[in-house]
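**Q** generate a structure from the sequence data that follows.
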Amino acid sequence: MEAAATIAPAPTSRRTGQTPQHMQALARANRVRLARAELKRSIGRGEVEAANVIQDVPWESESMRLVELLTSQRRWGRTRSRKLLQALALNENKRIGTLTPRQRALLASALGSRAQDTILV
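**A** As a prediction, the model looks like this:
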C-alpha cells in the first residue's frame, strides 16, 4: 500500500477585518504610483523644481530613478539627462533615496545652474 501525500492547509491567523498582506502591498504600490505621477506632472508644469525634490526627497520619490525625475522636466529627454548625470559621474538608474548628501548637493546645484542657463537663453 502506498500512502497518499497530503498538503496541510496554510495556517490562518488572520484577524477579522484585516486585509491580506499582498492586498496591503498592492494598495501601497498604488498610492506611491499615483503620488509619483502627480509629482512628475507638477514638475512638468513647473510648479515644483527637480532640484528641490533632490534636496528634500519626498516619500514618493525615495525609490524613483534619477532619469525618471530628470525626464519629467519640460524639454528634458533621456539624452540631456544622461549627459548631465554622466558629467556628475552618477548612474541614471540610481534611486533618489540612495544618494549621498554630497551627490544630492552636487546634482541640485547642477540642476539649479542649468535652470538659470535655460532662463537666460
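
**Q** what residues sit buried inside the biggest helix by length in the chain?
**A** Counting residues, the longest helix in the chain under DSSP state H turns out to be helix 21-45. If you call a residue buried by 16 or more other C-beta atoms under 10 Å, then helix 21-45 has these buried ones: 32, 36, 39-40, 43. All C-beta atoms are positioned from the backbone trio N, CA, C, and that covers glycine.

**Q** out of the residues you listed, who's nearest residue 59?
**A** Out of these, the one with the shortest distance to residue 59 is residue 32. That distance is 8.2 Å, counting by C-beta to C-beta.

**Q** residues contacting the residue positioned nearest the centre of the chain?
**A** Here the mean C-alpha position of the chain is nearest to the C-alpha of residue 64 (C-alpha atoms, centre = their mean), at a distance of 1.5 Å. If a contact means C-beta atoms under 8 Å, 6 or more residues apart in numbering, then residue 64 has 36, 95-96 as its contacts.

**Q** what about 6 Å?
**A** Shown here is residue 64, whose contacts under the criterion C-beta atoms under 6 Å, 6 or more residues apart in numbering are residue 96.

**Q** try the one 3 residues further on
**A** Under the criterion of C-beta under 6 Å, 6+ apart, the neighbours of residue 67 are 81, 92.

**Q** give me the pLDDT value at it.
**A** The model reports residue 67 with a pLDDT of 96.

**Q** which strand or helix spans it?
**A** Taking DSSP states H and E as the definition, residue 67 sits inside helix 66-71.
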